[in-house]
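In: Below is the sequence, then the predicted model.
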Amino acid sequence: MSLWVDKYRPTTLAKLDYHKDQAAHLKKLVQGGDFPHLLVYGPSGAGKKTRVMCTLRELYGSGVEKLRIEHNNFTTPSNKKLEIVSISSNYHIEVNPSDVGIQDRVVIQELIKNVAQVNQLDSSTQKDFKVVVLTEVDRLSRDAQHALRRTMEKYMSTCRLILVCNSTSKVIPAIRSRCLGVRVAAPSADEIVQMLQTVCKKEGLNLPSELARRIADKSQGNLRRALLMCEACKVQQYPFSADQDVSEPDWEVFLRDTASMIVQEQSPRRLLEVRGRLYELLSHCIPADVIMKGLLQELLQNCDGELKTEVVQSAAHFEHRLQSGQKAIYHIEAFVARFMAIYKRFLEEGIADLF
Amino acid sequence: MQAFLKGPGGAPPAKKPAPAPAPGTSKKDGKPVKKHIPWVEKYRPRTVDDVAHQDEVVAVLRKTLEGSDLPNLLFYGPPGTGKTSTILAAARALYGHDLYKDRVLELNASDERGISVVREKVKKFSQLTASATRPDGKPCPPYKIIILDEADSMTSPAQAALRRTMEKETKTTRFCLICNYVTRIIEPITSRCAKFRFKPLGVGVMSERLKHICQEENVKIEEEAIQTLMQISEGDMRKAVMFLQSASRLCGQDGSVNSQIIRDITGVVPEDLLDEVLKVCRSDSYEKLDATVKKVIREGYAGSQILSQFHDKLVAMEEVSDKQKSVICEKMALVDKCLLDGADEYLQLMALFSTVMHQMCHAE
């Protein structure tokens, strides 16, 4: 039995539930026979991957769904062995080059050249190009992105690239100017509600609209998350009741408690306790930037307007450092300490004003 | 190949390979009819004279084609201004189709070009001497060309290794380095080359070209759409052609391209969304700002795009004083750097817009 997320994933462009105009555009692109390189971007859970797979199906027919997993081996110039997993069909190959860290350039150079230099057999029945899908392009190193540039032009006749990323900010302009950008916006709350209702109907379940609305609000525009939450609710209690708890992940509750601890007391001792909790979170593989954002969200609720600006500035500052630094705990803790300082000063000023 | 190995045969073996390329070329000629070639490739300038707007370079290269010597070249300028096209066209004119493969070595960032490659491949290639005649007896320049595309992504040791090679082999080899940022090329290299800056294409040239393409391809386009296209592409011809092709494909055969479609596919943030953010900034309410920024992020717009459009807007705003503008611009620069480093978009945008809010509502 598969999860609802996979079970009800649309497989053709015609079946997509929202952004129908865009689906029509993609269809026209495919029917035109030619096909530019695509750069698909949007927040996570908005359906980027689904759209890519639908487009591929539109291009090649159901043959793209026969997938196989391959282990590719590469050797870097410094004789280091790399192994990367790719998922491929006869017509396309999908890799996540950022899996190999800073050596991603080698993978890009080798893999795309391998694919691109082989012509499609029997071009009468199929398109005469193959498709390479690269995911998480925004995490590619600079070198790798530069390596893509000329490759994209040179092998245009045998190979098309579909690049998938969350944000184009980190994609170099040279690549952006070679691709057709496809923006996949997150579905609105109404669309999520509608989708939850449809899925539940197909499962033969009855979903009260208040519950659906609450799930949609909690999912923050992430459809995958909404469906998973809905399924979790079903496991928890069925038949649904309108005021049922939408279960949150444990770590969110834990994070909220941590935030309230910080607001309660600002002292080195409390900082030590908070550190313990942060370590706990990190060791459970919660990404550091998620912790940072979660903390900020909770802490800000206790701040005044002017103070908020200051806190946000410092959060942005430390989050940036976190990205370029190595160890997450330093930066999160620095943020907590900074917040304590700001907050304490604010409280003391408030008391001084009273007298 | 076998005909070649048979050694210095008479005319028959020499003729044998000749038909072989013929089908290849005819296939290439046949391709545009059957196969769809991206317009970017199709309308790439074929000769040096076709290169638009870059008069100085064209003048120098034309002199070279007429028979004078070629210096080492360094082309730099923003993407889509015709750097690669220019040198490829020049090389083709110099050597013709057959000799091109022997005489031109093209290395770009997709090839391995660490210091070892410079030492081995580049050096070996540059040491070969070239004759001053083509096989068919016509004269051709007695040197080879090494094109180092995207040279700014070469490491500085690799660049350093080029220095001596460049000087020593001037008799047999010319180098052409192409890059976006001339500052990334080390000083000793730049001083050995004739530098040419490629300017972003002017409005006139660009609209003329785009109209020409539209005519060739039978695409109906509104005058306003061309204006939008040029505004968005900012002098980057490749981008403009790319967008034009995508837009025309979306419109189908009979529809005409309008500026709305172009805005849609380019991922430009709509004006009213930016206006909304600005309005919220003036309202001095953090909660509203938070909600709006979240909305923008959920729509999937890229942080860098918002930044650059917001900057254009800010500079033109009259109700903001110069001092406030400078404070905001400084923050923008920081945010831009942070975004490039991979910081979170939401936090960075919040930091930026809360600065804007502070400046607009609380600056004395």
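Out: Perfect, I can see it now. Given the structure is predicted, the values throughout are model-derived calculations rather than measurements. Numbers count the residues shown, from 1 in each chain, chains lettered A, B, ... in the order given.
In: continuing past the strand or helix carrying A:Glu58, what's the next helix or strand?
Out: Secondary structure from DSSP states H and E places A:Glu58 in helix A:48-60. Of the helices and strands lying after helix A:48-60 in sequence (DSSP H and E), the nearest is strand A:68-75.
In: contacting residues around residue 107?
Out: Using chain A. When contacts are counted by CB atoms under 8 Å, 6 or more residues apart in numbering or on different chains, A:Val107 touches A:72, A:74, A:82, A:84, A:95, A:97, A:100, A:144. Using the backbone N, CA and C atoms, a C-beta is placed for each residue, glycine as well.
In: oops, I was thinking of chain B
Out: For B:Leu107, the contact set (CB under 8 Å, 6+ apart) comprises B:113, B:117, B:121-122, B:146-149.
In: Can you tell me the SS state at the residue in the stretch 1-150 of chain A that chain B sits nearest to?
Out: Chain B sits closest to A:Asp34 of the stretch 1-150 of chain A, with a gap of 3.1 Å, by CB to the nearest CB. Here A:Asp34 is coil, with the state taken from DSSP: H, G, I helix; E, B strand; the rest coil.
In: Check B:Ile178 too.
Out: Applying three-state DSSP: B:Ile178 is strand.
In: what residue ranges in the chain score low on pLDDT?
Out: If you meant another chain, say so; for now it's chain A. Residues of chain A meeting the criterion pLDDT under 70: A:1, A:33, A:119-126.
In: wrong chain, I was asking about chain B
Out: B:1-36, B:109-113, B:252-255, B:364.
In: Who are the packing partners of the helix holding A:Glu58?
Out: With contacts taken as 3 or more CB pairs under 8 Å, 6 or more residues apart in numbering or on different chains; DSSP states H and E, helix A:48-60 sits against helix A:20-31, strand A:38-41, strand A:130-134, strand A:159-165.
In: Could you grab the helix/strand/coil label for A:Gly45?
Out: Relying on three-state DSSP, one would call A:Gly45 coil.
In: If we ignore the residues flanking it in sequence, what's nearest it?
Out: A:Asn222 (3.2 Å; CB to CB, 6 or more residues apart in numbering or on different chains).
In: and if you look at B:His311?
Out: Distances taken as CB to CB, 6+ apart put B:Met332 closest to B:His311, at 6.1 Å, once the chain neighbours are dropped.
In: pretty sure the one you found is in contact with B:Ser308, am I right?
Out: No - contact criterion CB atoms under 8 Å: B:Met332 and B:Ser308 do not qualify, at 9.3 Å.
In: re the thing from before, turn the helices and strands packed on helix A:48-60 into CSV, including distance to B:Lys83 and mean neighbour count.
Out: Shown next, in CSV, are those (distance: least, CB to CB, whole Å; neighbours: other CB atoms under 10 Å in any protein chain shown):
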stretch, distance to B:Lys83, mean neighbour count
helix A:20-31, 29, 17
strand A:38-41, 22, 25
strand A:130-134, 26, 24
strand A:159-165, 22, 24
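In: Using TSV, please lay out those together with distance to chain B.
Out: Shown next, in TSV, are those (distance: least, CB to the nearest CB, whole Å):
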stretch	distance to chain B
helix A:20-31	5
strand A:38-41	6
strand A:130-134	13
strand A:159-165	9
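In: In JSON lines, list those along with distance to A:Glu349.
Out: Shown next, in JSON lines, are the helices and strands packed on helix A:48-60 (distance: least, CB to CB, whole Å):
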{"stretch": "helix A:20-31", "distance to A:Glu349": "52"}
{"stretch": "strand A:38-41", "distance to A:Glu349": "44"}
{"stretch": "strand A:130-134", "distance to A:Glu349": "52"}
{"stretch": "strand A:159-165", "distance to A:Glu349": "44"}
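In: B:Thr84 is nearest to which of these?
Out: Set against B:Thr84 and scored by CB to CB, those come closest in strand A:159-165, at 18.7 Å.
In: Report all helices and strands that that closest one contacts.
Out: Applying 3+ CB pairs under 8 Å, 6+ apart, one finds that strand A:159-165 makes contact with strand A:38-41, helix A:48-60, helix A:104-117, strand A:130-134.
In: Parallel or antiparallel, list what pairs with that strand.
Out: With DSSP bridges as the test, strand A:159-165 is paired with strand A:38-41 (parallel), strand A:130-134 (parallel).
In: can you pull the contacts of B:Glu224?
Out: B:258-259.
In: What of A:His25?
Out: B:250, B:265.
In: And it, how far from B:Gly82?
Out: 30 Å (CB to CB, to the nearest Å).
In: What separation do you get for the spatially closest residue to A:Asn166 that is not a sequence neighbour and B:Ser246?
Out: Leaving out its chain neighbours, the residue that sits closest to A:Asn166 by CB to CB, 6+ apart is A:Asp138, at 5.8 Å. Distance of A:Asp138 to B:Ser246, computed by CB to CB: 22 Å.
In: Just want to know which of these two has more residues nearby.
Out: B:Ser246 (26 against 19; other CB atoms under 10 Å in any protein chain shown).
In: Work out for me the element that one sits within.
Out: B:Ser246 belongs to helix B:237-251, assigned by DSSP H and E.
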